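Asker: okay, predicted coordinates and the sequence, questions at the end:
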Amino acid sequence: MVRFDPGHGVMSEQARRVFFALWPADELRQQIEHETRHAARHSGGRVIPARNFHLTLAFLGSVAESRLAELHRCASATVVRPFAVVLQVINWWERQELLCLEPIAGIDALHELAGRLHATLRGSGFAIEHRPFRPHLTLARDVRPPRRVETLAVESSMQRRHSVHPCTSETQERFSVRRDHAFKSIKELRWQVERMELVESQVLPHGSAYRVLPT
């Protein structure tokens, strides 16, 4: 869509604020909301509604509407090889003031997918955020600090279940640097990843609203 800019006397193209994400099915959204409701509500922050749960792979910001088709082509070129993600640990991100649900399995596959997507987007001339990729679902914002932070001996609890769920070196390494900000752990939620979505973000008076953009 093109619109007239009276300040400059020229036609300007409308832009969309977009990002690529993994989009949970409704059943998984309900499970996540059920398992994390208590922690989110007692964090002291703004609770994210279940309809907004997502795992961001690449944030692009404002993109001209005429380039949305290019973004869909980038997504098609980045084949999603199905893999499983297991969500379990709720962490407080102190600097970002976020309460997040993070995975304990499927982390390498998430990084591999995000890396391929980033390379494809940059190769097509798109600018994306330059920040380390840390897979998560945001549960609450403006958490400063949580009213009650429970430091968890995550590795110990993982070891207690070792006979059923072996703790990989990948998981041990990632949790060893984050356990001080662990809020709590929930039951394991399995997520079978098979596709990603291009999502539009709209800032409304009552908060953000997200909409999957059809191909």
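Answerer: Happy to help now that I have it.

Asker: may I see the buried residues of the one helix or strand Leu68 maps to?
Answerer: Per DSSP states H and E, Leu68 falls inside helix 68-77. Within helix 68-77, the residues that count as buried by 16 or more other CB atoms under 10 Å are 68, 71, 74-75. All C-beta atoms are positioned from the backbone trio N, CA, C, and that covers glycine.

Asker: can you give me the strands for this structure?
Answerer: For the chain, the strands defined by DSSP state E cover 2-5, 10-13, 15-22, 46-47, 55-64, 83-93, 98-105, 137-141, 182-193, 197-204, 207-212.

Asker: format those strands as JSON lines; extra columns: mean pLDDT.
Answerer: Listed next are these as JSON lines, based on pLDDT from 0 to 100:
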{"stretch": "strand 2-5", "mean pLDDT": "45"}
{"stretch": "strand 10-13", "mean pLDDT": "58"}
{"stretch": "strand 15-22", "mean pLDDT": "96"}
{"stretch": "strand 46-47", "mean pLDDT": "94"}
{"stretch": "strand 55-64", "mean pLDDT": "96"}
{"stretch": "strand 83-93", "mean pLDDT": "96"}
{"stretch": "strand 98-105", "mean pLDDT": "96"}
{"stretch": "strand 137-141", "mean pLDDT": "96"}
{"stretch": "strand 182-193", "mean pLDDT": "88"}
{"stretch": "strand 197-204", "mean pLDDT": "93"}
{"stretch": "strand 207-212", "mean pLDDT": "90"}
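
Asker: any chance of these in CSV, with distance to His118 too?
Answerer: Formatted as CSV, the strands of the chain follow (distance: least, CB to CB, whole Å):
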stretch, distance to His118
strand 2-5, 30
strand 10-13, 25
strand 15-22, 9
strand 46-47, 29
strand 55-64, 6
strand 83-93, 18
strand 98-105, 19
strand 137-141, 20
strand 182-193, 17
strand 197-204, 15
strand 207-212, 20
